[in-house]
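Enquirer: What follows is a protein structure lacking sequence information:
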């Protein structure tokens, strides 16, 4: 059974940092693009950041560029999102996702076929 399990969410104040983690089991995603999405109440799910299978290519939403960093550890089947200088508008459920096909870089949710259950990030004073 393929599983993507996120952790690391929580309640923080504006300006704080959080590091999200995602561990995958049941399938080798080392050749797949991995990504973080988020969905705030009443809004559509949006791509936050994506990273290619050999980590040479990354893509960030303009809203998080310069504040968030995506990384991966293929040996450990793990994906990370370091989030710095958090803002209230970063409040959302964050999802880990793996691309449907190997060696393809996807910029939209339609390209991802494997999803975690999500972890809540709340930024509030």
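Expert: Received the coordinates, thanks. Quick caveat: nothing in here was measured; it's all calculated off a predicted structure.
Enquirer: and stretch 41-57, how far from the chain's centre?
Expert: Counting by Cα atoms, centre = their mean, to the nearest Å, stretch 41-57 is centred 6 Å from the centre of its parent chain.
Enquirer: repeat for stretch 30-44
Expert: 6 Å.
Enquirer: Quote the end-to-end distance of it.
Expert: Criterion Cα to Cα, to the nearest Å; first-to-last residue distance in stretch 30-44 is 28 Å.
Enquirer: same thing with stretch 111-119?
Expert: Stretch 111-119 has an end-to-end distance of 21 Å (Cα to Cα).
Enquirer: Now do the buried residues in that stretch.
Expert: For stretch 111-119, burial by neighbour count (16 or more other Cβ atoms under 10 Å) applies to 111-112, 114-116, 118-119. (C-beta placed from N, C-alpha, C; glycine too.)
Enquirer: again with stretch 13-21
Expert: Quick answer for stretch 13-21 (16+ other Cβ under 10 Å): 18, 20-21.
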